[in-house]
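[1] Predicted model follows, preceded by the sequence.
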Amino acid sequence: MSWLRHLRGGSAEDRFADEIARLTRSLLGARVRRVPEFSLEIQTAGARAPLTMYLGNIYREAQRLEGDARASRLRTAVLAMAPSPQPQSWVEAAPRLMPAVRSAGWAAAGGMPEVLRRRLLPFVSLQCAIDSEFAMTFVTETDLRTWGVSEDEALRQARENLARAPLQVGRIEGAAYLLGPDGYISSWLAVPEVLARIAADVGDRVVAVAADRDGLVLIDTDRPATVVDLLREALEQYQEATRQLSPVPYVVDGGGLRPWDPPADHPARPLVDEAGQLLAATEYGLQRTRLQDLSTKAGEDVFVATRMLVQHGDHGVPWSWAAWVRQVTNGLLPQADYVLLGDNDNPTFRLAVPRDDTLRLAGHALEPAGYDPPLWRCRGWPDAETFDALQRAAVPFPPPA
């Protein structure tokens with residue numbers, strides 16, 4: 001039916017890609033061609049190599065905009081592809097650095113191993129951005145060598161620059177919303193001492209939530225109705241966002257941030273558990289897709305286990321599991337509540353073992369693979385002694401509600 005699609009003007013994605021290509025040629029005078037994965041390859045005059053513009057996010061954003069707002073957003077996206085030379089000295093670079101908080105999956109998907117990236121929170125990374133009028137680029141190890149500074153010094157400078165930026169705060173009863181600067185609202189997670197000062201006016205025990213990159217709210221946890229409402233809103237916002245970050249609430253104090261672990265009887269406890277499980281499922285899903293693509297391109301046979309998310313009923317606490325399959329000789333296991341050992345030659349066999357027990361008893365057969373989010377590499381089945389120990393630690397599957 002491809003001929004019919006052509007007669008009708010192509011799919012919505014095709015028409016959008018053509019629109020962006022025309023705009024890119026007009027604004028940048030660049031050569032543009034369509035490439036796989038809903039992308040454009042852009043070659044500007046004087047650039048050594050073409051740039052790839054991935055259209056997925058901007059396409060989803062554009063669907064929500066109309067008129068001048070849509071035209072302005074598309075223009076900004078295209079101008080962001082204009083080549084901007086990296087600063088060649090620390091004096092030039094220092095005032096332009098800003099912290100950029102991103103999901104671990106987004107940061108890893110950039111495909112640039114030299115980019116400076118540090119773990120900030122579980123499934124959340126900190127990068128060092130070089131700010132410009134229409135776009136940001138990210139500091140690389142090569143940049144640090146050129147400038148003659150360390151990673152710590154660059155990140156410290158970025159945090160200091162953000163801490164000096166104008167900060168607007170909107171307030172409602174029991175909460176405060178950070179309103180700027182544009183493009184860096186969620187980056188206040190990297191400056192917890194500033195958040196702690198604002199939180200002091202919100203309540204005695206405050207959490208921060210940044211469901212997407214362009215929002216951050218501080219919530220007083222001593223107001224159960226408020227925290228429940230805003231965490232539920234954050235979960236919905238996270239699932240709908242084109243620039244997802246994290247629906248998890250983080251305790252704010254001057255010493256740093258940590259995931260909130262409310263008492264079991266706190267009204268927000270189910271939402272906190274759901275947020276943690278949803279974030280992990282999303283990030284592991286992104287990671288699995290990327291690793292499968294990389295292994296296919298490299299001609300390597302790797303089984304990346306899926307982190308399966310399950311919920312008892314409509315309001316039960318979600319839980320997760322991942323499969324360790326006997327026939328797999330090169331596998332990667334995500335962090336999940338349960339490891340389910342299975343045998344393709346015996347479909348009725350399954351052995352469910354809690355994650356901590358699996359790592360304690362079979363850790364010698366599960367090698368940390370060095371990924372973020374963390375993965376463990378398995379190259380075969382546990383030996384007889386280890387398997388017996390795992391059988392003794394096994395639990396019913398699925399676990400009782």
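    Everything's here; your move. Numbers count the residues shown, from 1 in each chain.

[2] Please state the offset of stretch 52-66 from the chain centre?
    18 Å (C-alpha atoms, centre = their mean, to the nearest Å).

[3] Ok, stretch 129-145 next?
    19 Å.

[4] Stretch 374-389 now?
    29 Å.

[5] Using PDB, write out the CA atom coordinates for it.
    The C-alpha trace of stretch 374-389 is given here as PDB (Å, rounded to 0.1, in the frame of the first residue of the first chain):
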ATOM      1  CA  PRO A 374      22.700  -1.700  36.500                       C
ATOM      2  CA  LEU A 375      22.800  -5.000  34.800                       C
ATOM      3  CA  TRP A 376      24.300  -8.400  35.700                       C
ATOM      4  CA  ARG A 377      25.800 -10.700  33.100                       C
ATOM      5  CA  CYS A 378      25.100 -14.400  33.300                       C
ATOM      6  CA  ARG A 379      27.000 -16.800  31.100                       C
ATOM      7  CA  GLY A 380      25.400 -20.000  32.000                       C
ATOM      8  CA  TRP A 381      23.300 -21.900  34.600                       C
ATOM      9  CA  PRO A 382      24.200 -22.000  38.300                       C
ATOM     10  CA  ASP A 383      26.200 -25.100  39.400                       C
ATOM     11  CA  ALA A 384      24.500 -27.900  41.400                       C
ATOM     12  CA  GLU A 385      25.400 -26.500  44.800                       C
ATOM     13  CA  THR A 386      24.200 -23.000  44.000                       C
ATOM     14  CA  PHE A 387      21.100 -24.300  42.300                       C
ATOM     15  CA  ASP A 388      20.200 -26.200  45.500                       C
ATOM     16  CA  ALA A 389      20.700 -23.100  47.600                       C
END
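
[6] which residues sit against it?
    Outside stretch 374-389, the residues within contact range by C-beta atoms under 8 Å, 6 or more residues apart in numbering are 287, 304, 324, 326, 328-335, 341, 359, 361-362, 364-369, 390. Every residue, glycine included, has its C-beta placed from N, CA and C.

[7] From the residues you listed, list the buried ones, please.
    287, 304, 324, 328, 331-335, 341, 359, 361-362, 365-366, 390 (16 or more other C-beta atoms under 10 Å).

[8] Helices - which of those land there?
    Gln287, Leu359, Leu361, Ala362, Leu390 (DSSP state H).

[9] I'd say the fourth one and Ala393 touch.
    No: between Ala362 and Ala393 there is no contact under C-beta atoms under 8 Å: 9.7 Å.

[10] Closest to Leu51 out of the buried ones among the contacts of stretch 374-389?
    Gln287 (24.3 Å; C-beta to C-beta).

[11] Show me the shaky parts of the stretch 251-400 of the chain.
    Filtered on pLDDT under 70, the stretch 251-400 of the chain yields the residue ranges 312-316.

[12] need the strands for it, in chain order.
    256-259, 303-304, 308-310, 319-325, 331-334, 338-342, 350-354, 366-368, 375-378 (DSSP state E, counting those that start in this stretch).

[13] Excluding its own residues, what touches the second one? List them.
    The contact list for strand 303-304, computed with C-beta under 8 Å, 6+ apart, reads Gln287, Arg288, Leu291, Gln292, Ser295, Val325, Val328, Asn330, Gly331, Leu332, Leu375.

[14] would JSON lines of the strands of the stretch 251-400 of the chain with distance to Pro247 be doable?
    Formatted as JSON lines, the strands of the stretch 251-400 of the chain follow (distance: least, C-beta to C-beta, whole Å):
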{"stretch": "strand 256-259", "distance to Pro247": "11"}
{"stretch": "strand 303-304", "distance to Pro247": "24"}
{"stretch": "strand 308-310", "distance to Pro247": "14"}
{"stretch": "strand 319-325", "distance to Pro247": "16"}
{"stretch": "strand 331-334", "distance to Pro247": "19"}
{"stretch": "strand 338-342", "distance to Pro247": "23"}
{"stretch": "strand 350-354", "distance to Pro247": "25"}
{"stretch": "strand 366-368", "distance to Pro247": "27"}
{"stretch": "strand 375-378", "distance to Pro247": "22"}
